[in-house]
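[1] quick one: sequence and predicted model below, then my questions.
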Amino acid sequence: MFRWPKAAVVARREYTVRVRTKAFWISTLAVPAVLLAFTLGPAFFLARGSGQHHVGVVTADEALFARIRALFEERREEEARSSLKVTGSMILPQEDREKQRQDLKQAILAKQYSAVVILPSEPITEAGELKVEYLSTNVTAFQLMATVERAVAQALREKRLAEAGAAPEVVRLAVAGVDLVPVKVSKGGEEKKETVGASFLVGYLLMFIMFFTAVMYGSIVMRGVMEEKTSRIVEVIVANLSPQELMFGKIFGVGAVGLTQYALWLLLSANLLAFSATTGIAGAATILTNPGVMGAFLAFFVLGYFLYGSLFAALGAAFNSEEEAQQVQNVAGWIMALPFLFLVPVMNNPDSPLAVVVSLVPFFAPMLFFLRMVLQTPPLWQTVLCFVLLTATTALVVRLAASVYRVGILSYGARPTIKQIWAWAVGRG
């Protein structure tokens with residue numbers, strides 16, 4: 001008979017031992033910093049491009065070049081946060097265009113130009129899209145390329161309109177930009193302004209934390225089980241409690257450590273909301289303080305942790321060393337990482353058939369369905385179905401893992417086969 005007080009003793013020991021270690025407090029502070037650096041850092045620096053770049057513009061139209069150079073200056077004045085400075089120089093086309101092209105490539109390699117833009121040499125008579133070549137040694141300098149593209153495109157549009165006989169006032173109206181202000185509409189008709197991608201970035205960050213902690217704490221459970229098995233301490237422990245009580249105690253104890261870490265991270269995040277505003281995530285505060293979203297986050301973590309934590313505990317009990325369990329452990333890791341393959345379709349259309357189906361798969365649900373909840377509230381029936389499927393699958397996996405743990409924790413010798421582990425799981429071992 002399963003005795004909860006016995007499991008609680010194991011859980012309390014696992015919790016207190018791990019929370020008192022320096023590693024716990026170091027990881028509590030380091031993990032959020034690392035995740036923010038890797039997820040938000042690139043966007044932060046990309047939005048604040050820097051450096052001085054000299055761009056050559058191959059054209060015989062002095063007025064067109066003057067307008068492009070003026071747009072370079074206007075762009076720099078508008079982007080107050082950016083220290084990106086782009087200057088331009090006019091390059092007259094030569095009769096031998098191929099030789100000039102070779103000379104320009106050498107000039108680029110010699111760092112005389114950051115890039116060279118080759119404009120059409122013939123008069124613009126067609127209404128189709130123009131092909132403008134951009135020569136550079138670095139075609140991943142997105143800020144520089146975007147600045148050059150905007151300036152050249154606007155100057156060419158103005159030239160086309162002028163040549164078509166449009167008045168200057170009409171030209172100004174035609175090329176005026178549009179500032180798209182995203183307003184998220186929630187159930188009940190509530191409106192909320194937020195920057196582009198705010199919900200996705202915050203949802204992705206929370207989803208990645210869920211994945212990272214599930215893998216980390218699952219591995220902690222597995223290593224703890226293996227250490228006790230290889231040192232034969234488990235033979236003494238199971239004299240006072242059953243293997244199932246020991247397994248559940250370990251899973252509960254390590255899981256409580258994870259929940260403690262989440263609570264501390266939530267407190268730390270309150271002090272980082274000012275930073276989130278500067279990085280373009282104006283909706284971070286609303287998401288992190290939404291009790292429904294954060295409640296779902298904790299529920300998905302608990303269910304997902306038990307789903308994968310029990311599997312890792314079974315692996316630790318079935319094998320005699322981490323090297324033996326590595327192959328099967330890698331398969332579990334691949335399954336856990338599969339949801340990241342569906343990020344783009346879920347982000348683009350959270351209600352598409354593909355997004356709905358993959359988010360309801362129990363092994364994917366803790367991450368993908370949660371991401372859908374952050375992006376756009378799913379229908380109630382899908383939420384209920386998701387939790388029913390995930391709870392039922394977790395209960396089944398925990399039961400099978402407990403059977404494997406019961407037999408494997410006291411089994412030594414040759415490495416068990418997958419067939420043998422399955423026999424233990426269904427009670428035939």
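    Nice, thanks for sending it over. Numbers count the residues shown, from 1 in each chain.
[2] quick one: residue 367 and residue 212 touch, right?
    No: judged on CB atoms under 8 Å, residue 367 makes no contact with residue 212 at a distance of 10.8 Å. No exception for glycine: its C-beta is placed from N, CA and C like everyone else's.
[3] show me the shaky parts of the stretch 201-350 of the chain.
    The model of the stretch 201-350 of the chain has pLDDT under 70 over residues 232, 234-236, 238-239, 269-289, 322.
[4] and the helices in it?
    Secondary structure of the stretch 201-350 of the chain, counting by DSSP state H, counting those that start in this stretch: helices at 233-237, 243-270, 273-278, 284-288, 291-318, 322-337, 343-348.
[5] name the stretch among the ones you listed that sits most buried.
    helix 291-318 (a mean of 22; mean count of other CB atoms under 10 Å).
[6] check which helix or strand covers residue 54.
    Using DSSP states H and E, residue 54 sits in strand 50-58.
[7] now do the buried residues in that strand.
    Across strand 50-58, burial judged by 16 or more other CB atoms under 10 Å covers 53, 55, 56, 57, 58.
[8] any idea how far it is from the chain center?
    Between the centre of strand 50-58 and the centre of its chain there are 33 Å (CA atoms, centre = their mean, to the nearest Å).
[9] quick one, which of residue 367 and residue 212 is more surrounded?
    residue 367 (28 against 13; other CB atoms under 10 Å).
[10] distance check, that one against residue 351.
    17 Å (CB to CB, to the nearest Å).
[11] export stretch 394-402 to CSV, keeping only CA atoms.
    What follows is stretch 394-402 as a C-alpha-only set of coordinates in CSV (Å, rounded to 0.1, in the frame of the first residue of the first chain):
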residue,chain,number,x,y,z
THR,A,394,0.6,11.8,-17.4
ALA,A,395,-1.2,9.4,-15.1
LEU,A,396,-0.6,6.5,-17.5
VAL,A,397,3.1,7.4,-17.9
VAL,A,398,3.6,7.8,-14.2
ARG,A,399,2.0,4.4,-13.6
LEU,A,400,4.2,2.7,-16.2
ALA,A,401,7.3,4.5,-14.9
ALA,A,402,6.5,3.4,-11.3
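[12] residue 111: which of the helices of the stretch 201-350 of the chain is closest?
    helix 273-278 (33.0 Å; CB to CB).
[13] so what sits against both of residue 367 and residue 212?
    When contacts are counted by CB atoms under 8 Å, 6 or more residues apart in numbering, residue 367 and residue 212 have no shared neighbour.
[14] got a pLDDT number for residue 94?
    pLDDT recorded at residue 94 is 89.
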